[in-house]
Every structure is written in structure tokens, then in C-alpha cells.
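S.K.: Here is my input; please provide its structure:
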Amino acid sequence: MGRHSLPDDAATPSSGAARVAARRRTVAIATALVMAVAGGTAIAVQRGLLSFRRSCAASAVRLDLVASPDIAPAVRAVADRARTEKITSDGSCMDVRVSARDSYEVAASLASPAPPDFSVWIPDASLWVDRAKDAGESAGVVTAGHIAASPVALAVVPEAAKPLGWPQRTYTWAELATATAQDDKLRLGSADPARSASGLLALSSIATSAASGGADGDTRAAALAKVLAQRISPGDGQAVQTLAPDGSGDPHRNQALVLSEQSAFAYNAAHDTGRHLRLFYPKDGAPQLDYPYTMVRETRMSTNESRAAMRFMTLLGEPESLRVLAGLGFRTPGLPAADPVASAAGASSPQPYASASAEPPSAQELQDALGMWTITVQSARLTTVVDASGSMADPVPGSGGRSRMDVTKSSLLQALSQFTPDDEIGLWDFATHLDGSRDYRRLVPTARLSDPAGGGRTQREKLTQAFGALHPVPGGATGLFDTTLAAYEEATSTYASGKFNAVVLLTDGANEDPGSISRADLVTALHKLRDPAKPVPLIAIAVGPRADRGEVQQIAQATGGAGYQVNDPADIQAVILKAITALGETQAHG
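M.R.: Numbers count the residues shown, from 1 in each chain. Model prediction:
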């Protein structure tokens, strides 16, 4: 039956071994967990203790498996072979039922407390597994290995590839995006990064590449994302359909497309040789789809199901299965590029298709890219409300004596750099009796960052100065409730259509104004102000150990928003982008 070891154990080291070392360590840990759940099955498989050659038991072990639509046909073919050849797990036949589902939909479904209708999930990229884990502990997902790989590149129709110098000329991601942005005749498309791993990995690569180009890297990345956003398709399948098959100048068709190598392979297989796509593999590295074999809520699986799941994973790594995967355009994880696969997909030397792929982007880099995307595509209108009570002067442990306010200001300035000239941002601060009888002040009215703000400054420059001037009010207490209601009333009354509207509120404590509105009355008032047709979610961030996370969550949820807690104010910028991403995506697709 071929080798009986786990796929990663048998992988031949390649020149990219150092690159994948960290991932392998993660896989090893995850695999150990799965093996423990499976009652030592993987060890038994390696030692040949399980009788895979015996005749089938009276009843087969059923395994429901969900796979990304691109790899589902290959997985289904292996499952069919397992049934036809009566390949067994611990003496019982395996009845593996394979369904194709988009990875982003599966990741979203795992946030639900309802148990899934499948035991194994093979998304096209590990980023979806990470997203499912972020959704909550109820997801219970563990990656046991990787069954295939496919680098993300730029596919170009023949007529457009020639002017770009294919295959002799090589580009970075930022250079490729810039080249397409500068030529009206070369239209670049992509699948929505919020729904497509290929789209998100390419977007993150473009952002990283642009950021390495100098001080204006963030602005350049946002500009390139804005160009890309003009020709977005809902998913990978729809994106491929936008290509101009004859190189025509149809303005509704694309000449270039962010695409996985496997998708280009499939496209070329369905078209005449003269219409084959050409692939540019950026010289700063191509990120890869890595197809993780993932156990879902494995603690609820029976022993037989766990063993069958592990056995099927080893079957997917056996030579005959790898030939099936290669026949559909997939690479084998950890091994050098297969020239026939890459060539059929549109690769040609000296394009660096056989060199080491890019370092996988970190979860934070992906989150930053998606946050930038949400802001860039939709633009934002935010009212930022910052706690200026006396406790904001308390030092942050490990910050060299810097206060909560100092670290908060630095984090807000970092967040400000992520916004584009079309975004609208304003600033309030609050503490008890800050402005006469009121607990809040409007320091900078909400306006476009590129708008003039007097004194020869732009709104961005005025905000930068105002953020830097924030300071705690000695003896000031936290006037949270009245401030929240006032800021939300103004934000809903000045709603900007076509933008992501929100109030971002940061507080390091619970409400301390005895003369203010009660929490119950505040929640009731927020419910009344909320208009689903004009959503203005409240992003409430509790800063430090004294802040009441439950309070900010309850208040935020009344607006359709979300509450968060950070112990280190330095995390504020990341939380803001994460919240904008999640809420913006909900509004865009809900």
C-alpha cells in the first residue's frame, strides 16, 4: 500500500527547509495532539501494527470531509479509490464522503456553537484555520499535516505578458501591481481578499513589498490596494471568468489576475495552447496555499473515526495519491517544484518558480492587510474618543516608565498611518467635568484626512498634533456613559453614506460619574439610535486591568459593535484594525 508514515515525516528537505521549520514544529505539535486523540493510531500506522490489507469489516467507518473546491476533486478521487480497493483502517473499510465548500464560509460557520456536519476540513490555506481558532474555543480545530501546495502568482494573458517582458523580466509584488496600475490597457483583477486566500496572500505581499520601498510605503500600499479594489470578484471561480480569453480590449475583462499556480494550470488545461496564461512569480517570493489537513472538534470523534481520519491522511500522501494531485496541478509540500506542473501552469525560466517561496505572512501581517483593505475599499468615518481620566497617567509595566496615555497615543498614531486621504477621522477626549458640566470635549471635528484644517495644515496633520497633545486630567474620573451617548448621537446624525462609520472608544476604567445616565438607560438609548440601514457600530476597547470588559461589551453590542480588552495599550492599533476588518466585512457581506 505504499508508505505508512505521516506526510511530513517522509517529505524530502528542500532549499526552503529553514523557511518551513517553524511551520513544521507547529505541525508536529498538532499532530501529536491528534495522535493522542486517536489513541496512538499514527504510531501504529508507522509500525505496521494496523491491518490495512485485511478484508473489510461488516460495516465501514464513515468520515465526512469538507474540502476547498479546487482540491476537492483530487481528494474525492482518492476517497473513491479507497472504497474501490477496500483500503481499510484498523480492519474496517473507509467511507469518506467529500463535499466542496468555500474555505471562508467554513471558517465562518465554525464560529457557531452548533456542531459541524463534518469531521475533517481541508481549506486552501492555514489562514482560515487561524481565523476559525480566533472565532472561539468552540471551533476545536487541529492541523495534522499538509497535503498539497500551490504558490500564488500573477497570471497574464499572452498579449499582456509580452509588453511586461515575460519571462526574462522579473518584478517584486509592488512593481507588478504598479506596472498594472500605470497602464489603462492592462487591467488587474483579483478575488476578494476577505473571501479568497489567494487574494489576501497577494494583498499582504503587495503591502509588505510596498512598505519596504521607503517612508511612504503605507501610502503606496493603500494606493495599490485602491486600484486592485476596482476589479474585484467575489471568489476565485468568478475571478477566472473575468479573464480576456482573446486578449481583447473589453473594459469588463482583465488581462492580469492574482491566481494560484493550480488555478492557472486548470485554466490552461481547458484552453488551447495559444491562449495559455503566463505566470509572473515575484522575485521577493510567492506565498503558498498550503492545504492543511484539519481535524474539527476531534474530541467529539469516535476512536474509529479518529483512526480513519489519520489513515486517510496517510493515504493522501502515498505515491498514487500524489500523482492524482500533480495531475490536477498541485505541488507536493516540502519538495522542489515539479517542472511539468509549473510549465503547464504558465511558468518559464528565468521566472523564479522553482526557488524558495516567500516566508508565510504572520497572522498580524494578514490582519493588517485585511484591515487596510476594508478601509481602502469602503473608506471610513471614525470618531475616536479617548479616556483622559487621571488613571491614564499610571505607568505601563515593561514600557520604561511610559504612562498608559503615552503608549495609547503612540498606538493611535500608528493606526492613523493606516488610513487613506479619503478617510474621515475626528477626536474627542473625556473625564469628569472636563468641559464645564460635560464629561467630554470635541478636540478635532471629524473630517477627511486630506481636507485643509487651517494654518496650512491638513486634517491628518491636525490630528497628529492633537493625538500628541493628549494628557491625563489630574483627579479626573471616568465619565464613560454620558460621553458614549453624546459621541454616538453625533456619529449617527452625521452618517456618511458609502463609508464604514464607527465610534472608537478607549477607556481604562468603569463609569465613575454618579450623576450620569445609568448603564441600563444608556443601552436603551443606544438601541433606539441604532439604524440597521445606516450602521454605526461602537468599537469599545477596555485598556488595562481596571477596565470593565463586560461593561464595554454590553454597551458596544447595543449598537451592533464589539467590545475588546487589551492589557497593553500598545495593542490598541492592532485591535482597531481587527475590529474594522470584522465589522466592515460583516457589513459588506451581510
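S.K.: helix, strand or coil for the residue lying closest to residue 518 once chain neighbours are set aside?
M.R.: Nearest residue to residue 518, sequence neighbours excluded (C-beta to C-beta, 6 or more residues apart in numbering): residue 481, at 7.3 Å. (Glycine included, C-beta is placed from N, CA and C.) Following DSSP: H, G, I helix; E, B strand; the rest coil, we place residue 481 in the helix state.
S.K.: Contacts only, for residue 481.
M.R.: Residues in contact with residue 481 (C-beta atoms under 8 Å, 6 or more residues apart in numbering) are 511, 513, 516-519, 522.
S.K.: how far away is it from residue 444?
M.R.: To residue 444, residue 481 is 23 Å away according to C-beta to C-beta, to the nearest Å.
S.K.: now do residue 544
M.R.: 24 Å.
S.K.: Repeat that for residue 349.
M.R.: On the measure of C-beta to C-beta, residue 349 and residue 444 end up 55 Å apart.
S.K.: Residue 144 now?
M.R.: 52 Å.
S.K.: So these two - more neighbours on which side?
M.R.: residue 144 (27 against 18; other C-beta atoms under 10 Å).
S.K.: looking at this, that one is in a strand?
M.R.: Yes: counting by three-state DSSP, residue 144 is located in a strand.
S.K.: what's the least confident helix or strand in this structure, going by average pLDDT?
M.R.: Within the chain, no helix or strand scores below helix 7-10, which has a mean of 33 by mean pLDDT, DSSP states H and E.
S.K.: residues making contact with stretch 415-426?
M.R.: 218-219, 222-223, 226, 368, 371-372, 375-376, 379-384, 442, 444-450, 459-460, 463-464, 467, 496, 499, 572-573, 576-577.
S.K.: from those, which ones fall inside strands?
M.R.: 380-384, 442, 444-448 (DSSP state E).
S.K.: Could you work out the most separated pair of those residues?
M.R.: 380 and 442 (18.5 Å; C-beta to C-beta).
S.K.: So for these two, which sits in the more crowded spot?
M.R.: Ranked by neighbour count (other C-beta under 10 Å), residue 380 and residue 442 place residue 380 first, with 23 against 16.
S.K.: what's the more buried one in contact with, if anything?
M.R.: 419, 423-425, 499-502, 580.
S.K.: Among those, which one lies nearest to residue 194?
M.R.: Distances from residue 194 to the contacts of residue 380, taken by C-beta to C-beta, are shortest for residue 580, at 12.0 Å.
S.K.: what about that closest one, distance to residue 415?
M.R.: Taking C-beta to C-beta, one finds residue 580 at 9 Å from residue 415.
S.K.: Compare neighbour counts for those two and give me the winner.
M.R.: Neighbour count, other C-beta under 10 Å: between residue 580 and residue 415, residue 580 has more, with 26 against 22.
S.K.: Point out where the stretch 451-590 of the chain drops to low pLDDT.
M.R.: Counting by pLDDT under 70, the stretch 451-590 of the chain shows low-confidence ranges at 584-590.
S.K.: Out of the contacts of residue 481, give me the one that has the most neighbours.
M.R.: residue 511 (24 neighbours).
S.K.: That one - nearest residue in space that isn't next to it in sequence?
M.R.: Per C-beta to C-beta, 6+ apart, closest to residue 511 is residue 480, 4.0 Å.
S.K.: Would you check that that neighbour makes contact with residue 506?
M.R.: No: using C-beta atoms under 8 Å, residue 480 is not in contact with residue 506, being 10.7 Å away.
S.K.: More neighbours: these two, which one.
M.R.: The neighbour count for residue 480 versus residue 506, taken as other C-beta under 10 Å, is higher for residue 480 (31 against 28).
S.K.: Tell me the spacing between the more buried one and residue 505.
M.R.: From residue 480 to residue 505 the distance is 8 Å (C-beta to C-beta).
S.K.: what's residue 195 in contact with, if anything?
M.R.: 102, 104, 234-235, 589.
S.K.: Filter these down to the buried ones, ChimeraX style.
M.R.: Buried residues among those (16 or more other C-beta atoms under 10 Å), as a ChimeraX selection:
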select :102,104,235
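S.K.: Which residue ranges make up the domains of this structure?
M.R.: 7-146+292-329, 158-280, 379-589 (automatic domain parsing).
S.K.: Adding distance to residue 338, write those out as JSON lines.
M.R.: Listed next are these as JSON lines, based on distance: least, C-beta to C-beta, whole Å:
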{"stretch": "domain 7-146+292-329", "distance to residue 338": "6"}
{"stretch": "domain 158-280", "distance to residue 338": "10"}
{"stretch": "domain 379-589", "distance to residue 338": "36"}
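S.K.: Ok, which of those domains comes nearest residue 335?
M.R.: domain 7-146+292-329 (5.6 Å).
S.K.: joint contacts of residue 480 and residue 506?
M.R.: If you check residue 480 and residue 506 against C-beta under 8 Å, 6+ apart, the residues they both contact are residue 387.
S.K.: Now restrict the contacts of stretch 415-426 to buried residues only.
M.R.: Here, 16+ other C-beta under 10 Å leaves 218-219, 222-223, 226, 368, 371-372, 375-376, 379-384, 442, 444, 446-449, 459-460, 463-464, 467, 496, 499, 572-573, 576-577 buried among these.
S.K.: Could you report the distance from residue 337 to residue 251?
M.R.: To residue 251, residue 337 is 35 Å away according to C-beta to C-beta.
S.K.: And for residue 417?
M.R.: 34 Å.
S.K.: Between these two, which is the more surrounded one?
M.R.: Set side by side, residue 417 and residue 251 show more neighbours around residue 417, with 13 against 8, by other C-beta under 10 Å.
S.K.: where does this structure dip in pLDDT?
M.R.: 1-58, 135-139, 181-185, 213-219, 246-249, 356, 584-590.
S.K.: how much space between residue 296 and residue 140?
M.R.: Residue 296 is 7 Å from residue 140, by C-beta to C-beta.
S.K.: again with residue 73
M.R.: 28 Å.
S.K.: Between the two, which has more neighbouring residues?
M.R.: Shown here are residue 73 and residue 140; by other C-beta under 10 Å, residue 140 has more neighbours (17 against 14).
S.K.: residues contacting that one?
M.R.: 296-300.
S.K.: At which residues are the strands of the stretch 301-450 of the chain located?
M.R.: Ranges of strands in the stretch 301-450 of the chain, per DSSP state E, counting those that start in this stretch, are 380-387, 424-435, 438-448.
S.K.: Of all those, which one is nearest residue 98?
M.R.: strand 380-387 (40.9 Å).
S.K.: Just want the angle from the closest one to strand 438-448.
M.R.: Direction vectors for strand 380-387 and strand 438-448, defined by axes from the mean of the first three to the mean of the last three C-alpha atoms, to 10 degrees, enclose an angle of 150 degrees.
S.K.: wait, isn't residue 577 in contact with residue 369?
M.R.: No: under the criterion of C-beta under 8 Å, residue 577 is not in contact with residue 369, lying 9.5 Å apart.
S.K.: Over to residue 233: give its phi and psi.
M.R.: phi -110, psi 150 (degrees, to the nearest 10).
S.K.: these two touch, right, it and residue 190?
M.R.: Yes: counting by C-beta under 8 Å, residue 190 is a contact partner of residue 233 at 7.3 Å.
S.K.: Of the two, which one has the most company?
M.R.: The neighbour comparison of residue 233 against residue 190 (other C-beta under 10 Å) goes to residue 190, with 27 against 20.
S.K.: how about residue 449, what does it touch?
M.R.: 419-425, 458-460, 463.
S.K.: swap in residue 557?
M.R.: Per C-beta under 8 Å, 6+ apart, neighbours of residue 557: residue 563.
S.K.: measure it to residue 508 for me?
M.R.: 20 Å.
S.K.: Could I get the phi/psi values of the closest residue to residue 462 other than its chain neighbours?
M.R.: Nearest non-adjacent residue to residue 462, counting by C-beta to C-beta, 6+ apart: residue 453, 4.0 Å away. Here is the backbone geometry of residue 453 (degrees, to the nearest 10): phi -130, psi 20.
S.K.: do the same with the one 3 residues further on
M.R.: Listed backbone geometry of residue 456 is phi 80, psi 10, with angles given as degrees, to the nearest 10.
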